[in-house]
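Novice: Test case, fold it:
(one chain, ligands or ions: 2)
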Amino acid sequence: MNENKKIPLKVFIKTFGCQMNEHDSERMYGILSDHGYTFTHQEKEADLILINSCSIRQKAEQKAFSILGRYRALKAKNPRLHIGFCGCIAQREARSILCRAPFVDLIFGTKNIHRLPQLIEKMGKTHKPIIEVIDDDSGRFEQFLGKIRRENHIKAWATIMQGCDNYCTYCVVPYVRGREWSRSAGDIIAEIKTLALQGYKEVTLLGHNVNSYGKGQDCTFPELIQRIQPIPGIERIRFTTSHPKDLSEELIVTIKDCSKVCEHIHLPFQSGSDKILKRMRRHYSHNDYLKKVDFLRKIIPDIAITSDVIVGFPGEREEDFQQTLQLIETIQFEGLFTFLYSIRPQTTAGNFSEQVPNNIKQERFNILLQIQNQISSARNALLVNTKQEILAEEILREDKRTSSIEKLRGRTRSNKIVEFEGSSDLIGNLFEIEIRKANRFNLEGIIL
Ligand code: 5AD
Ligand code: SF4
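Specialist: Ligands and ions are numbered 1, 2, ... in the order given. Coordinates of the predicted model:
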């Protein structure tokens, strides 16, 4: 062993991307703290910096590489610093990361997180970079039970499935997260029972397509929800993300019947044009989507619906874009995440002809955003003077002189952020609030 290269002690993790990635970082914190590592919020203090990367769009990749450049400068000043690169980019192109950034000490894939302590140890013993990208499902979740280090003590994520078999033509997820894989219901229930005993009030069931949970297991997604519903202590159940084609009537009825399941669904529609939906390989049409939403609203009238949309997918003409606008006008989403189409390696759409020029993409993006902003404000305004159940989640501002709390933040069951005045002992409690003011992205209210 090279004595100059000691195993790093203080770790800083920089996370990009979705909730799945953030939860993976919680797993890394957990498994490292179990092995005696400590953590810092200051990059400059760290002995090991891990970049947990996202590759969903080119911009996300650029962010990871630009921060890598910054860390290279830190390493030049502090030769003891080690840099690790993981997450979705690492899964796809471990070797090319090394060509681009030979100063990186460790690269590992999305299915190798459970091996992190051993990999770091190995890294401390050699001058050569360590690469481990192995398609290994065995250690994915159960080795982390009881070890995940969650920042939030009220709401927790619980992974129920991972990966995706849909191969939407724009999407990199199947290439970076692999085939669909569901955890056993027993393990999920055990994890959520432990969370409840630890005082967590809300659980969000996570997966790339939670609706199709159950492959290889003798439990469907609606059945899983029905089994989570009676767990004492858990007051709210959420789930994300859902694919419209897998949103069954049985699931909708289950959401209605299980009182703890919050009235909110994130249901990405991606485009309002049938031609584009077909090219995206989404397996539903504009009208199918409207019908699903009609049924959802018939069974659960106050359900909040949010969505994702991509503008500028190859072949998107003005008339296709107009159909997307028509869909958002018809549905009136509570919120919408709008993305410019970005070519992804390995995906089918990357080779499609008729790529849309950037200026047109941007123009459509701006139009869509403006319309949706008006819709979001109008939807929020509907809540003024209504009473809403709130779970108080965090302190926003504290009065330092009196140490009494001035402002708190919580969420409605429909997942809207509400700010209100109250004291810190309310954190983690559910109570009613009257909404007094609506802004575009949040609400303000008073405790009743
Ligand atoms: N370009 C732009 N947006 C994308 N998304 C996924 N792949 C791409 C891509 N290549 C969006 C989809 C998805 C969300 C997580 O990211 O809208 O629902
Ligand atoms: Fe990004 Fe998709 Fe990976 Fe999440 S799963 S980090 S969105 S590429």
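
Novice: Now do the same contact list for the closest residue to Gln58 other than its chain neighbours.
Specialist: Using CB to CB, 6 or more residues apart in numbering and skipping residues adjacent in sequence, the residue nearest Gln58 is Ser342, 4.6 Å away. Yep, even glycine has a C-beta here, placed from its N, CA and C like the rest. If a contact means CB atoms under 8 Å, 6 or more residues apart in numbering, then Ser342 has Ile56, Arg57, Gln58, Lys59 as its contacts.

Novice: just Phe39 next, same as before
Specialist: Phe39 makes contact with Lys10, Val11, Phe12, Ile13, Tyr29, Leu32, Ser33, according to CB under 8 Å, 6+ apart.

Novice: Checking my notes, the second one in a strand, right?
Specialist: Yes: membership of Val11 in a strand is supported by DSSP: H, G, I helix; E, B strand; the rest coil.

Novice: Output the longest strand belonging to this protein.
Specialist: Longest strand in the chain by number of residues, with DSSP state E as the criterion: strand 387-398.

Novice: What lies in contact with that strand?
Specialist: The contact list for strand 387-398, computed with CB under 8 Å, 6+ apart, reads 152, 154-155, 201-202, 235-236, 405-414, 416, 418-420, 422, 424, 426-435, 443, 445, 448.

Novice: wait, is Ser66 part of a helix?
Specialist: Yes: counting by three-state DSSP, Ser66 is located in a helix.

Novice: before we move on, back to that, let's have the contacts of Ser342 in CSV, adding neighbour count, secondary structure and pLDDT.
Specialist: As requested, the contacts of Ser342 are exported to CSV (neighbours: other CB atoms under 10 Å; DSSP: H, G, I helix; E, B strand; the rest coil; pLDDT from 0 to 100):
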residue, neighbour count, secondary structure, pLDDT
Ile56, 20, coil, 97
Arg57, 18, coil, 97
Gln58, 13, helix, 97
Lys59, 11, helix, 96
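
Novice: now for the host helix or strand of Lys407, which elements pack on it?
Specialist: Per DSSP states H and E, Lys407 falls inside strand 405-412. Where contact means 3 or more CB pairs under 8 Å, 6 or more residues apart in numbering; DSSP states H and E, strand 405-412 is packed against strand 387-398, strand 417-420.

Novice: now, of those strands, which is deepest in the fold?
Specialist: For the helices and strands packed on strand 405-412, average neighbour numbers computed from mean count of other CB atoms under 10 Å are highest in strand 417-420, which has a mean of 19.

Novice: packing partners for that one?
Specialist: Applying 3+ CB pairs under 8 Å, 6+ apart, one finds that strand 417-420 contacts strand 387-398, strand 405-412, strand 430-438, strand 443-447.

Novice: which regions of the protein lie under the pLDDT threshold?
Specialist: Filtered on pLDDT under 70, the chain yields the residue ranges 1-8, 138-141, 143, 145, 398-405.

Novice: For the longest helix along it, buried residues please.
Specialist: The helix that spans the most residues within the chain, counting by DSSP state H, is helix 358-381. Taking 16 or more other CB atoms under 10 Å as the basis for neighbour counts, the residues of helix 358-381 that come out buried are Lys361, Arg364, Phe365, Leu368, Gln372, Ile375, Ser376, Arg379, Asn380.

Novice: Let's have those in TSV, adding distance to ligand 1.
Specialist: Converted to TSV, the buried residues of helix 358-381 look like this (distance: CB to the nearest ligand atom, whole Å):
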residue	distance to ligand 1
Lys361	10
Arg364	13
Phe365	11
Leu368	12
Gln372	14
Ile375	18
Ser376	17
Arg379	20
Asn380	23
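
Novice: what's the closest of the residues you listed to Gln322?
Specialist: For the buried residues of helix 358-381, the minimum distance to Gln322 (CB to CB) is 10.0 Å, reached by Arg364.

Novice: so what's that closest one closest to, chain neighbours aside?
Specialist: In this structure, Arg364 finds its nearest non-sequential neighbour in Val311, 4.4 Å apart by CB to CB, 6+ apart.

Novice: So the one you found sits against Leu336, correct?
Specialist: No: applying CB atoms under 8 Å as the test, Val311 and Leu336 come out as separate, 11.1 Å apart.

Novice: between those two, which one's more packed in?
Specialist: Between Val311 and Leu336, counting by other CB atoms under 10 Å, Val311 is the more crowded of the two (25 against 21).

Novice: where does the more buried one fall, phi/psi-wise?
Specialist: Dihedral angles phi and psi of Val311 (degrees, to the nearest 10) take the values phi -110, psi 150.

Novice: Which strands or helices does whatever helix or strand Leu327 lives in pack on?
Specialist: Leu327 is part of helix 318-331 when elements are defined by DSSP H and E. Under the contact criterion of 3+ CB pairs under 8 Å, 6+ apart, helix 318-331 touches helix 274-280, helix 286-299, strand 304-311, helix 358-381.

Novice: For that helix, buried residues please.
Specialist: Of the residues in helix 318-331, those scored as buried under the neighbour-count criterion (16+ other CB under 10 Å) are Asp320, Phe321, Gln323, Thr324, Leu325, Leu327, Ile328, Ile331.
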